[in-house]
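Asks: Coordinates only, no sequence provided:
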């Protein structure tokens with residue numbers, strides 16, 4: 001029997017049909033690894049007046065201090081034009097600003113060039129966002145990330161698992177769950193389908209291909225791998241830990257303002273100037289997103305100096321203790337994800353057993369594909385009034 005190729009597999013764009021372009025900040029200063037400095041930036045903006053405030057804001061074609069925009073869904077930010085605003089600082093919220101890098105954002109629609117309100121309308125504690133990384137075939141980097149936080153990563157599309165708040169109406173091709181139930185002998189939960197997608201998706205010629213299987217044993221193994229990846233990437237619930245003796249610790253105190261980062265592979269030690277963290281597995285140090293090491297990207301985001309005279313130049317005076325805790329957890333997550341990559345390659349859920357593949361042709365014959373056009377558009381989820389520009393209410 002001929003082997004099923006990725007060309008026969010359904011595409012992620014059909015299995016999770018509603019997607020959103022990534023948000024675009026347009027300016028650096030409304031996001032930072034430290035929430036306190038964001039409040040200081042807001043205070044500095046409001047102390048300035050007229051042309052000085054406009055310059056500090058860093059206008060673009062999409063946003064200026066004179067822009068009239070509505071409230072960001074689910075957020076209490078103001079709607080008066082920023083040029084004359086005097087209100088309190090918008091409460092910083094946690095977002096995924098770069099791969100594996102959780103930072104803080106002033107979630108105010110007036111500050112963001114393209115906030116993608118449809119994402120914020122469905123963002124809650126039960127939502128999971130699948131983010132396409134743009135990883136090429138044959139690379140170690142996974143083609144998808146998952147997060148419970150609003151994602152601000154580029155360039156890939158963002159696919160929420162649910163189309164409505166409260167984990168209502170899964171963003172899956174209509175009829176897919178029923179077809180999988182008939183072929184597997186049990187109905188998977190929507191999050192199980194996402195877990196399978198995380199373990200099986202591979203770049204193909206027409207987009208991300210997701211081989212599906214009717215082999216219940218292979219399905220269970222792939223879903224288990226995907227759930228572990230979900231747990232590590234979402235970082236909610238019980239905190240991940242490496243085995244005793246392999247857990248990273250601070251061996252020499254980190255300086256107040258480290259500027260250099262290097263790794264000693266022989267000693268498995270991460271050096272932040274004279275500060276030392278070990279053991280740091282080589283797999284964690286070598287873990288990449290795109291062409292850059294994740295740990296180097298993370299460190300650079302916390303030590304880069306903003307241009308003098310800009311709001312981005314307002315940064316913590318010293319390295320916060322919270323960053324050290326985040327660094328230790330990030331090392332742990334990357335080490336465990338690297339192990340998981342090896343487990344996924346060994347199990348190879350993307351290669352269905354002969355005769356067990358659920359192909360795109362099968363889904364078309366069953367009426368699951370093509371998906372209706374409405375499934376590719378956001379659902380109407382507005383169950384409360386949203387404040388529009390100048391305090392007026394908007395209806396959707």
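Replies: Everything's here; your move. Just so you know, these numbers come straight off a predicted model, no measurement behind them.
Asks: what's the neighbour count on residue 50?
Replies: 10 (other C-beta atoms under 10 Å). Quick note: C-beta positions are derived from backbone N, CA and C, even for glycine.
Asks: now it, nearest residue through space, not along the chain?
Replies: In this structure, residue 50 finds its nearest non-sequential neighbour in residue 83, 7.7 Å apart by C-beta to C-beta, 6 or more residues apart in numbering.
Asks: Could you tell me how many residues sit around that neighbour?
Replies: Counted with other C-beta under 10 Å, residues neighbouring residue 83 total 15.
Asks: Surely it forms part of a helix?
Replies: Yes: using DSSP: H, G, I helix; E, B strand; the rest coil, the assignment for residue 83 is a helix.
Asks: how far out from the middle of the chain is the helix or strand hosting residue 225?
Replies: Assigned by DSSP states H and E, residue 225 belongs to helix 216-234. In terms of C-alpha atoms, centre = their mean, to the nearest Å, the centre of helix 216-234 is found 18 Å from the chain centre.
Asks: cool, stretch 298-311 as well?
Replies: 22 Å.
Asks: same question, stretch 84-102
Replies: 15 Å.
Asks: Just the endpoints, please. Distance across it?
Replies: Here the two ends of stretch 84-102 are set 31 Å apart, with distance taken as C-alpha to C-alpha, to the nearest Å.
Asks: quick one: buried residues of it?
Replies: For stretch 84-102, the neighbour count (16 or more other C-beta atoms under 10 Å) marks 85, 89-90, 92-93, 95-102 as buried.
Asks: show me where the stretch 201-350 of the chain has helices.
Replies: All helices of the stretch 201-350 of the chain, identified by DSSP state H, counting those that start in this stretch, fall at 216-234, 282-285, 294-303, 321-347.
Asks: Need those in CSV (columns: mean pLDDT, mean neighbour count and distance to residue 8).
Replies: Below are the helices of the stretch 201-350 of the chain laid out as CSV (pLDDT from 0 to 100; neighbours: other C-beta atoms under 10 Å; distance: least, C-beta to C-beta, whole Å):
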stretch, mean pLDDT, mean neighbour count, distance to residue 8
helix 216-234, 95, 20, 16
helix 282-285, 98, 19, 33
helix 294-303, 98, 18, 33
helix 321-347, 90, 17, 20
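Asks: Can you check which of these gets nearest to residue 315?
Replies: Of all the helices of the stretch 201-350 of the chain, it is helix 294-303 that lies closest to residue 315, at 8.6 Å by C-beta to C-beta.
Asks: before we move on, back to that, show me the contacts for the residue nearest to residue 50.
Replies: Residues in contact with residue 83 (C-beta atoms under 8 Å, 6 or more residues apart in numbering) are 50, 53, 54, 65, 66.
Asks: and what of residue 248?
Replies: Contacts for residue 248 (C-beta under 8 Å, 6+ apart) come out as 242, 270, 277, 278, 279, 280, 328, 331, 332.
Asks: pLDDT score assigned to residue 139?
Replies: The score at residue 139 is 75. That number is its pLDDT.
Asks: Do I have it right that residue 377 meets residue 20?
Replies: No: the criterion here is C-beta atoms under 8 Å, and residue 377 misses it with residue 20 at 10.7 Å.
Asks: The two: which is more packed in?
Replies: Per other C-beta under 10 Å, whichever of residue 377 and residue 20 has more neighbours is residue 20, with 17 against 12.
Asks: which residues of the chain score low on pLDDT?
Replies: Along the chain, segments meeting pLDDT under 70 span 1-7, 346-354, 381-396.
Asks: Report the separation between residue 82 and residue 356.
Replies: Going from residue 82 to residue 356 by C-beta to C-beta, to the nearest Å gives 57 Å.
Asks: between the two, which one's more packed in?
Replies: It is residue 82, of residue 82 and residue 356, that has more neighbours when counted by other C-beta under 10 Å, with 21 against 17.
Asks: Quick check: closest non-adjacent residue to that one.
Replies: Closest to residue 82 by C-beta to C-beta, 6+ apart is residue 65, at 4.1 Å.
Asks: ok, that neighbour touching residue 80?
Replies: No: with contact defined as C-beta under 8 Å, residue 65 does not count as touching residue 80 (10.6 Å).
Asks: neighbour count winner among these two?
Replies: Legend: neighbour count by other C-beta under 10 Å for residue 65 and residue 80, higher for residue 65 (20 against 14).
Asks: show me what contacts that one?
Replies: 53, 54, 57, 59, 81, 82, 83 are the contacts of residue 65 under C-beta under 8 Å, 6+ apart.
Asks: And the helices in the stretch 1-150 of the chain, which stretches?
Replies: 12-15, 35-47, 50-57, 117-121.
Asks: Out of the ones you listed, flag the one nearest residue 198.
Replies: Using C-beta to C-beta, the nearest of the helices of the stretch 1-150 of the chain to residue 198 is helix 12-15, at 10.5 Å.
Asks: Need the residues that contact the closest one.
Replies: 19, 132, 144, 157, 159, 172-173, 176, 193, 197, 201, 207-210, 360, 363, 369-371.
Asks: Residue 214: how many residues sit nearby?
Replies: Residue 214, neighbours per other C-beta under 10 Å, totals 19.
Asks: what do you get for residue 199?
Replies: The number of residues packed near residue 199 is 27, by other C-beta under 10 Å.
Asks: Residues touching the helix or strand containing it, excluding its own?
Replies: Take DSSP H and E as the rule and residue 199 turns out to sit in helix 190-200. If you take C-beta under 8 Å, 6+ apart as the criterion, helix 190-200 is touched by 12, 15-16, 128, 130, 142, 144, 146, 161-162, 167, 170, 172, 176-177, 180, 188, 210-212, 219, 222-227, 229-230, 344, 347, 349-350.
Asks: And residue 34, how far from residue 323?
Replies: 8 Å.
Asks: go on, residue 169?
Replies: For residue 169, the distance to residue 323 (C-beta to C-beta) stands at 38 Å.
Asks: ditto for residue 283
Replies: In this view, residue 283 and residue 323 are 22 Å apart by C-beta to C-beta.
Asks: Equivalent analysis for residue 41, please.
Replies: 18 Å.
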